[in-house]
Structures are given as C-alpha cells and as structure tokens.
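Peer 1: 3D, please:
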Amino acid sequence: MDRKQFLSRALVWGGVSTLGAALGAPAAALARARAQTTALSSSTLSPDEIAGLYFMREEEKLAHDVYLALYARWGTPVFDQIATSEADHTAAVLNLLNRYALPDPAAALGPGVFQDALLQGLYDGLMAQGAMSEIEALKVGALIEETDIRDIRERVLQTDEAAIRDVYDHLLCGSRNHLRAFDRQLRSRGVIYTPVVITLQEWDAIALSPIERCR
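Peer 2: Numbers count the residues shown, from 1 in each chain. Coordinates of the predicted model:
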C-alpha cells in the first residue's frame, strides 16, 4: 500500500519521567470513573452509545498494540511510555463495558488482532509504515493520536451518559498529551508533521500548548 492509499484509508477511520503522569488518565481518575459507573449496569444505552464503546475499546487497543510493536522494532522510549498509558485507556473502556454488562469485543484477542475489519486493516497498514524507519514510526504515532482525538470527539456527541463522557474526556486529555509527545519527537529530528485527520490549526493549537495534567 503506498502512502496516498494508506492516508486515504486513515481518513475514513471510525472514526519519560517528565511525561509519566501526564500522558494519560492517572490511576486516581480511572478509579473515580469506576466508582461512578458501579451502579449503572442496568442502564439502557442507545445503539450509538454501545457501538461507540465497542469501537473505542478496540481503537485504544490498536494504539497500545502498535506502540508496543514499534518499541520492539526501534527501541524509541516514547513508544513504551505511551503504550503504558494506552493500556490504562483501554482498561477504562473495558470497565465501562463491564459496568453496563456488555461483552468485550477484544476478549481473548492477541496483540494486533481485532474484530473490527477496518481496524484490522488499519493496524496492518500502520505497522507496514512504521517498519520503514523510526521517523515513519513516529509519524504513525502522530496519525494515531490525531485520529483518536477526532473519533473520541465524535463519540462524546453520541452520548448523554455522564460516566461515559467522563471516561471519554480522560481519553481525549491523554491523546492530546500523546500528540504533543510525538510532535516533540519529530521536531527534535527536524521533521514538521503535517496532520491528515484534523486541521493544521487544530494540530498546532494542541501541539504548541503545554502538557496537561489529566484529571
């Protein structure tokens, strides 16, 4: 698959010690989200809300699996650091599935394996690009995070459940920090990343702003 074809597919996607606590939702925030959803298993969710949870569970797993694989390939610390954060993100979505008594679409699936056929194809394309060079691997990270931001924003608009929106807000905060991390890594290597999914204005507004302390 050439880069033009890959980016075209990406457009239709569903949608460090100093970074450690800021890269994703910290343990306290995840614990709060769990507590808020304890009594919600009998709630009725819309088809869009359910589909959103299923998709976000696998999309966060995709980010985690890609980053672990790219860390194994290139040994670049940022991939290992952000993979840890992504593990927290996918666990937060899994907790929501459990609280709403929904099946886990990622249950028993190994690294790099997905039920969603689009996500499976994207994973394969991302890994092919990331294997080309360390720079291309970092661009993969940037593409994942800008896509996550777009997709989570869309899912937030599809739910009025406070517990779900709270978790999505945590995921958004983490993704913004991840985007900043990949932007810094690329800039330190003399590369200015051109966003594919969000606008350049949106990218710069996030990338050039300070790291957030996610609640």
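Peer 1: quick one: buried residues of the helix or strand encompassing residue 186?
Peer 2: Per DSSP states H and E: residue 186 is located in helix 162-188. For helix 162-188, a neighbour-count test (16 or more other CB atoms under 10 Å) marks 163-164, 166-183, 185-186 as buried. C-beta: built from backbone N, CA, C; applies to glycine.
Peer 1: any idea which helix or strand comes after it?
Peer 2: helix 200-207.
Peer 1: buried sites along that following helix?
Peer 2: 203, 206-207.
Peer 1: which of those sits closest to residue 105?
Peer 2: residue 206 (28.6 Å; CB to CB).
Peer 1: residue contacts, that closest one?
Peer 2: 149, 176, 179-180 (CB atoms under 8 Å, 6 or more residues apart in numbering).
Peer 1: kindly recompute the last result at 7 Å.
Peer 2: 176, 179-180 (CB atoms under 7 Å, 6 or more residues apart in numbering).
Peer 1: what about the helices in the protein?
Peer 2: For the chain, the helices defined by DSSP state H occupy 3-10, 27-36, 47-74, 77-99, 117-130, 134-156, 162-188, 200-207.
Peer 1: can you list the weak-confidence ranges in the chain?
Peer 2: 1-43 (pLDDT under 70).
Peer 1: cutoff 80 now
Peer 2: 1-44, 215 (pLDDT under 80).
Peer 1: okay but residue 180 is in contact with residue 205, surely?
Peer 2: No: look at residue 180 against residue 205 with CB atoms under 7 Å: they stay out of range, at 11.0 Å.
Peer 1: report how many residues lie close to residue 104.
Peer 2: The local packing of residue 104 (other CB atoms under 10 Å) involves 16 other residues.
Peer 1: ok, and the closest non-adjacent residue to it?
Peer 2: residue 97 (5.5 Å; CB to CB, 6 or more residues apart in numbering).
Peer 1: relative to residue 64, how far out is that neighbour?
Peer 2: 16 Å (CB to CB, to the nearest Å).
Peer 1: residue 158 now?
Peer 2: Residue 158 is 23 Å from residue 64, by CB to CB.
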